[in-house]
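for reference, the sequence and a predicted model appear below.
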Amino acid sequence: MLRQLLLSAILCMFLLPVSAQFSKGTRMIGATIASGFFSSGDATHRVTDIGSTSSKLNAYELKLSPSLGWFLSQNTAVGISFNLNPGGEKVTFQENGTTFQKDETRKFTISIGGFARNYFKSTGSFLPFGQFGFDLGITSQNAEGFFYGGTGGNVYREAYSSKSSAGFAANATLTLGVTKMMGSQTGLDLFIGYNYSNNKITMNTSTTRDEGNDGSIEETGTQETVSQLSNHRFIIGVGFQVFLSRAKK
């Protein structure tokens, strides 16, 4: 019954003939959530020399972007955006119910940028648009993990811990979507698009090796790694906008 009521409410919101009309000077205040995902998976592996093992993956990523824009004309708005992008991943490997390897990564990016949005029409209930955005920011990342190896008297435990000391991020995004007006001043954005990102990050890693797995550390090491990554991806997202007309004098 509750599910039917929710579906009916959503259908009513999309079917109600609410319309809007933009004008020069109208402010657009909103927030979007793009490519937010949470995933969890399991896998089994069988290697001839090792035997049967299993692995489990948990990952999440979320991009939240509050924004403020101004209409330069009835159809075109420009503005600024503030982007928060947390994410993480944890992978564990088990054999006979015992975890022999774990790798966990946490990352966070904060950036500021600008956007330009063009509505293909300025009045109505469904308003299709195209938008281009670009932002620059900083990124941080932490990682840690361990691995148990060897057999008999040659067992050992290796562990590592990594922390970023410097990180830079740049993103360019092109989206196509539609704003469904929910009232005279509020709208719901639905969009798809393409994102290109370029990230450069410096990681400082400390490693330890415990021969015999008896709690004593026989070897330690440090290493600095500089990585530069570029990524192309498809995005999908939703957003909420408030349109405030310029006060008449």
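Sure, I can see it. Numbering: from 1, shown residues only.

could you use CA atoms for every contact and neighbour count after this?
Will do.

for Phe93, which residues are in contact?
Taking C-alpha atoms under 8 Å, 6 or more residues apart in numbering as the contact definition, Phe93 lies against 53-56, 99-102.

mind running it again at 10 Å?
42-45, 53-57, 99-103, 147 (C-alpha atoms under 10 Å, 6 or more residues apart in numbering).

and for the chain, the residue most distant from the center?
Distance from the centre of the chain peaks at Gly153, with 44.8 Å (C-alpha atoms, centre = their mean).

ok, now how distant is the residue lying closest to that one once chain neighbours are set aside from Phe100?
Nearest non-adjacent residue to Gly153, counting by C-alpha to C-alpha, 6 or more residues apart in numbering: Gly212, 6.7 Å away. Computed as C-alpha to C-alpha, to the nearest Å, the Gly212 to Phe100 distance reads 15 Å.

ok, now Glu61?
26 Å.

and what of Ser245?
Look at Ser245 and Phe100: by C-alpha to C-alpha, they are 61 Å apart.

which among the contacts of Phe93 end up buried?
Among these, those classed as buried by 16 or more other C-alpha atoms under 10 Å are 53-55, 57, 99-103, 147.

so can I have CSV of these showing distance to Phe120, secondary structure and pLDDT?
Output for those, formatted as CSV (distance: C-alpha to C-alpha, whole Å; DSSP: H, G, I helix; E, B strand; the rest coil; pLDDT from 0 to 100):
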residue, distance to Phe120, secondary structure, pLDDT
Thr53, 55, strand, 79
Ser54, 51, strand, 83
Ser55, 48, strand, 82
Leu57, 42, strand, 84
Thr99, 55, strand, 86
Phe100, 56, strand, 86
Gln101, 53, strand, 89
Lys102, 50, strand, 92
Asp103, 47, strand, 93
Phe147, 56, strand, 92
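
ok, of the residues you listed, which one's closest to Arg117?
Nearest to Arg117 among the buried ones among the contacts of Phe93: Leu57, at 37.5 Å, using C-alpha to C-alpha.

now the helix or strand that contains Leu127: buried residues?
In this assignment (DSSP states H and E), Leu127 forms part of strand 126-149. Across strand 126-149, burial judged by 16+ other C-alpha under 10 Å covers 126-148.

partners of Val242 in the sheet?
Bridge pairing for Val242 (DSSP bridges) gives the partners Ile29, Thr186.

so it sits against Leu188, correct?
Yes. The pair Val242 and Leu188 passes the contact test of C-alpha atoms under 10 Å, sitting 9.1 Å apart.

got any residues that touch both of these two?
In contact with both Val242 and Leu188: 30, 181-182, using C-alpha under 10 Å, 6+ apart.

got a quick PyMOL command for the buried subset of those residues?
The PyMOL selection below is limited to those of these classed as buried (16+ other C-alpha under 10 Å):
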select buried, resi 30+181+182
